[in-house]
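J.: Please work out how this folds:
(one chain, ligands or ions: 1)
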Amino acid sequence: MKLLHIDSSALGANSVTRELSAAVTARWQDEVAGLSIDYRDLDADPIPHLTGRSLAKVNPAETEESERILQQFLDADVIVLGAPMYNFGIPSTLKAWIDRVAVSGKTFRYTADGPEGLARGKKAIIVSGRGGLHSGQPSDFQETYLRHVLGFIGVTDVEFVRAEGVSYSPQHRADALAAAHASIPLPQRKAA
Ligand SMILES: Cc1cc2nc3c(=O)[nH]c(=O)nc-3n(C[C@H](O)[C@H](O)[C@H](O)COP(=O)(O)O)c2cc1C
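T.: Purely as a prediction, here's the structure:
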C-alpha cells in the first residue's frame, strides 16, 4: 500500500496540521506492514502556479515535474493532506498542488451525462487546522472545497482529522489537538 503525505502549513514547527499529519502517517505506518510513504512539503518545496505557459507545456522541466506530481497522486492508495485554513480557504501552495492533480482526461472527464471522477479507489485523510470555529458555517470554504474537489476527481472516501478554534487560547489549542489525535482514522481490518 502507498501513502502520500502532503504538508502545506507555513508555520513550521508551530504548525498544528504538521503535528497531526505526521501522527496520522506514523499510525498508518504502525498498522500497515510494508506501507510505502511519499512525502512532499509544499511550503519548503512549492509547486509553481499553473499558468498559460504550464498548459502550453512551454517549459519541459515544469511539464516533467507536473507529470511526476500527477503520477505520485495516481500511485497513492491513501493521501494524508495537511490543510490549514488560510483566509477561509486553503493555502495557495496546496491549491497549486491541486491544480496539478485535477487534470482533465487523467483524474476526471466530462461525458454527455456530466463529469466523472477517474481517480477512484483512494482514501483521503484531510488534516484540517483552523484558528476559529467554522464547522457547518458559511465561512468554511476550506473543508467543503477539499471534499468537493476530491469528490470531483473520484476520491469519495474522505475523512477529516480536525483541530479548530486553535487561536482562541492555549487551552483551546491543547484541547483541539488532543481531540484531533484521538480521532485519527486507522485502516479497516479485514474480517478473519
Ligand atoms: C496566513 C494565515 C491565514 C489564516 N486565516 C484564517 C482564517 O481565515 N480563519 C481561521 O479560522 N483561521 C485562520 N488562520 C489560523 C490558522 O487556520 C490556524 O493557525 C491553524 O492552526 C493553521 O494550521 P497550521 O498551524 O498547520 O498552519 C490563519 C493563519 C494564517 C497563518
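J.: From the rest of the structure, what touches stretch 143-159?
T.: The contact list for stretch 143-159, computed with CB atoms under 8 Å, 6 or more residues apart in numbering, reads 79, 81, 83, 89-90, 98, 101-102, 107-108, 115-120, 122-126, 128, 134-135, 160, 162, 185. All C-beta spots, glycine's among them, are computed from the backbone N, C-alpha and C.
J.: no no, stretch 36-43
T.: Looking at what lies outside stretch 36-43 - CB under 8 Å, 6+ apart - the contacts are 1-10, 12, 25, 29, 69, 72, 75-76, 91, 93-94, 96-97.
J.: Would you mind listing what in this structure touches the ligand?
T.: Counting by CB under 6 Å from any ligand atom, the chain comes close to the ligand at 9, 11, 15-18, 84-88, 129-132, 166-167.
J.: one step back: filter the contacts of stretch 36-43 down to just the ones in helices.
T.: T25, Q29, I69, Q72, D75, T93, L94, A96, W97 (DSSP state H).
J.: Apply the buried test to those residues and list what passes.
T.: T25, I69, Q72, T93, L94, A96, W97 (16 or more other CB atoms under 10 Å).
J.: what's the neighbour count on P60?
T.: A total of 8 residues lie near P60 under the criterion other CB atoms under 10 Å.
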